[in-house]
Structures are given as C-alpha cells and as structure tokens.
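J.: What would the 3D arrangement of this be:
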Amino acid sequence: MSIKPLERITIEPNSPATSCVIWLHGLGDSGDGFAPIVPVLNLPKNHGIRFIFPHAPERAVTINQGYIMRSWYDIKSMDLHSRADMSGVLESESAVLALIQQQINSGIPANKIVLAGFSQGGVVGLFTGLRFSQTLAGILALSCYLPTANKLPESCHQANKATPILQNHGEQDDVVPMSSGKMANQLLLDAGYKAKWQSYRMPHSVLPEQLSDISAWLKSVLLA
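T.: Presented below is the predicted three-dimensional model:
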C-alpha cells in the first residue's frame, strides 16, 4: 500500500538546517497548533534546527460519535488496553517513517532527528521511535501512553536503546491519565531505556515552564 505524504508546516532555521524536530500534534488539532512554539523555545540564533509539524489525516473517531477530524488513529474506547486502533497506529508509523526518510535524503542524519509528539502524536512518536532501525537524537513524548498499554511494542529496535527519551505529563490530566504515562515510563526503565520523567501541575496541555525545560533538553540532544 502506498503511503500518502503528510501535509505539513515546515519552519526553517536562519542558518542551513543540520538537524530536525518532527513534532506530531494531538487529536483534532493540526500542525498549526504547535508551530507557534518555535520562537518561544528561545533557541540560539543560529541553531540550525528545522521544525516540521505534520497534519494527521482526517478520519472518523469512534469516541467522538464518529465525527471526522484529524487523528493519527481511531480511539474506540477510553480503556487504556483497547484505546488505540493498532491498524491506524501502524499506518501513521509508516507515514512518519517516510517523513524521517525525506529528512535523511535531504542530508540530515537520523542521529540529528528528534521525534516529538503530544497526546496521540506522542503515542505515535514513541511507538515509531522505539521500533525505528536507525539511532535518533531523541524522543519527546508529551502527555501520552504506549499504544500497547502494559507492554512494550513488538519489534523494538536496539538502535534506540540508548536514545534519550523525555516524557512529560500533567498531574491534573483528565484526558490521558498520568498513570498511563507512568506505566510507559516504568516499562521503558525496566527494559533499560534512557527514559526521563517529568510531571507538571497542569491538565492535558503544555506550560511555559515546560517549554523552557523542553528547550534545554533539545539543546542537549541536538546542539551539544
């Protein structure tokens, strides 16, 4: 099956791009939702980081009465063990892999690419990153969970066993319970991954303080 290229917003740095952040939005949002954070990250003037904010395809979402919206996969239930439609997750993984390959073809190596995502986008980013066959610079998983719930995905690749993983979650999150994020974190730690956990006093959202911490992390994995 041919994968339709993802529509996206691309923000180029002032100097030639030497690294890349691919940032996946949450359910019902679009790449427009996170694109404004780039200047807020207060990165060095000549940081050389290309930011890509893809738009998820539109599909019917079961828990939202079948309304069609941008979604990386269908959500059929709020139960963690059956929440993510795995066929949709795998379809989105293929689309993200194609996006990564485009960056590699453009001259940016995999170890200079960060996969980032919020909520649904974080689920797909974390899943894709763990299974990717080349070493990434980092994986940023915000307010999300593993689509495989209480176990790691099948076919996790050794290439990203030592890749820095930053997980953030809101302590007052009533959309994706923090316990589901902590479960993913514990699975990663138990398997020997370099997963760092940070929670914030917030609901299902992103805070300025958090963006400051994310900025410092991005600098450490891409600009150090």
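J.: tell me which element the residue nearest to the spatial centre of the chain falls in.
T.: Centroid-nearest residue in the chain: Gly117, 2.4 Å away (criterion: Cα atoms, centre = their mean). In this structure, Gly117 sits in strand 113-118 according to DSSP states H and E.
J.: Give me the residues contacting that strand.
T.: For strand 113-118, the surrounding residues in contact (Cβ atoms under 8 Å, 6 or more residues apart in numbering) are 19-26, 34, 96, 100, 103-104, 122-126, 128-129, 132, 136-144, 206, 218, 221-222. (Each C-beta comes from the backbone N, C-alpha and C, glycine too.)
J.: Tabulate the CA atom coordinates of stretch 190-207 in CSV.
T.: Extracted in CSV, the C-alpha atoms of stretch 190-207 (Å, rounded to 0.1, in the frame of the first residue of the first chain):
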residue,chain,number,x,y,z
ASP,A,190,12.7,-1.8,33.3
ALA,A,191,13.9,-2.6,29.8
GLY,A,192,17.0,-0.4,30.2
TYR,A,193,15.9,2.6,28.1
LYS,A,194,17.2,6.1,29.0
ALA,A,195,13.8,7.5,29.8
LYS,A,196,13.5,10.6,31.9
TRP,A,197,10.2,11.5,33.5
GLN,A,198,8.9,15.0,34.5
SER,A,199,5.4,15.9,35.6
TYR,A,200,3.9,19.4,35.9
ARG,A,201,0.9,20.9,37.7
MET,A,202,-1.3,21.2,34.6
PRO,A,203,-4.2,19.4,32.8
HIS,A,204,-3.9,18.0,29.3
SER,A,205,-1.8,20.8,28.0
VAL,A,206,1.6,22.4,27.7
LEU,A,207,3.1,25.0,30.1
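J.: if I pick the nearest residue to Ser19 once chain neighbours are set aside, what's in contact with it?
T.: Excluding the flanking residues, the one nearest Ser19 by Cβ to Cβ, 6 or more residues apart in numbering is Lys112, at 3.9 Å. Residues in contact with Lys112, defined by Cβ under 8 Å, 6+ apart, are 18-20, 137, 222.
J.: picking up where we left off before, among the contacts of strand 113-118, which ones are in helices?
T.: With helices taken from DSSP state H, the overlap with the contacts of strand 113-118 comprises 96, 100, 103-104, 122-126, 128-129, 218.
J.: now the helices for this protein?
T.: Remark: helices assigned in the chain by DSSP H are 37-40, 86-105, 120-131, 178-190, 208-218.
J.: Nearest to Leu6, out of the ones you listed?
T.: Among those, helix 86-105 comes nearest to Leu6, with 5.2 Å by Cβ to Cβ.
J.: which helices and strands does the closest one pack with?
T.: strand 19-24, strand 49-54, strand 113-118, helix 120-131 (3 or more Cβ pairs under 8 Å, 6 or more residues apart in numbering; DSSP states H and E).
J.: repeat that with 10 Å
T.: strand 19-24, strand 49-54, strand 58-61, strand 113-118, helix 120-131 (3 or more Cβ pairs under 10 Å, 6 or more residues apart in numbering; DSSP states H and E).
J.: Would you mind listing the buried residues in it?
T.: Within helix 86-105, the residues that count as buried by 16 or more other Cβ atoms under 10 Å are 88-89, 91-93, 95-96, 99-100, 102-103.
J.: Report pLDDT for the residue nearest to Ser19.
T.: Note on Lys112: pLDDT of 98.
J.: can you check Leu80 too?
T.: We have a pLDDT of 69 for Leu80.
J.: Check the gap between His55 and Pro36 for me.
T.: As defined by Cβ to Cβ, to the nearest Å, His55 lies at a distance of 15 Å from Pro36.
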